[in-house]
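Asker: Please find the sequence and the predicted model below.
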Amino acid sequence: MKQYTPEFKAEAVRLVLEENQSMSQVSRDLKVALQTLSTWVARARKGELAGTITHNPHTAALEAENKRLRKALAVAELEREILKKAAAYFAKDTVRGTHS
């Protein structure tokens, strides 16, 4: 597997993002697999590729934390909905029980 320097990756990404060259053209010109270049561009857009203008060493950690928190929020919201339905069910059941 060929290893590329961070500078090479950054330049390839710059050609795509700043010079508006197509990924397929840059891939051919630099003799880099299209999938590899696509991965570099995606990582650069997330701020995860060293040497690119969007790179921020804290971005990846923040993105991971954001993803974790969104997942935890979704779980908490689901649990809250289940509890609301259970409370309504038991409240209705209690009302029926007193009228019997």
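Answerer: Sure, I can see it.

Asker: Can you spell out which helices and strands pack onto the helix or strand of the chain with the lowest mean pLDDT?
Answerer: Sorting the helices and strands of the chain by mean pLDDT, DSSP states H and E puts helix 59-99 at the bottom, at a mean of 86. Judged by 3 or more Cβ pairs under 8 Å, 6 or more residues apart in numbering; DSSP states H and E, helix 59-99 is in contact with no other helix or strand. Glycine gets a C-beta too; all of them are placed from N, C-alpha and C.

Asker: any idea how far S24 is from R80?
Answerer: From S24 over to R80 the distance is 48 Å, taken as Cβ to Cβ, to the nearest Å.

Asker: Off-centre distance for the least confident helix or strand of the chain?
Answerer: On the basis of Cα atoms, centre = their mean, to the nearest Å, helix 59-99 sits 24 Å off its chain's mean C-alpha point.

Asker: can you check stretch 23-42 too?
Answerer: Mean-position distance between stretch 23-42 and its chain equals 21 Å (Cα atoms, centre = their mean).

Asker: which parts of that stretch are buried?
Answerer: For stretch 23-42, burial by neighbour count (16 or more other Cβ atoms under 10 Å) applies to M23, V26, S27, V32, T36, L37, W40, V41.

Asker: if we take those, which one ends up nearest to L15?
Answerer: Set against L15, the nearest of these by Cβ to Cβ is V26 (4.8 Å).

Asker: pLDDT score for the closest one?
Answerer: As predicted, V26 sits at a pLDDT of 96.

Asker: Tell me the first helix or strand C-terminal of the helix or strand encompassing it.
Answerer: V26 belongs to helix 23-30 when assigned by DSSP states H and E. Next along the chain after helix 23-30, taking DSSP H and E as the criterion, comes helix 34-45.

Asker: Touching that next one from outside, list them.
Answerer: Contacts to helix 34-45, defined as Cβ atoms under 8 Å, 6 or more residues apart in numbering, come from residues 9-10, 12-13, 16-17, 23-24, 26-27, 30, 49, 52, 54-55.

Asker: at 6 Å what do you get?
Answerer: K9, A12, V13, V16, M23, S27, L49, T52, T54 (Cβ atoms under 6 Å, 6 or more residues apart in numbering).

Asker: Then stretch 8-27?
Answerer: With Cβ under 6 Å, 6+ apart as the test, stretch 8-27 has contacts from L30, L34, L37, W40, V41, A44, G51, T52.
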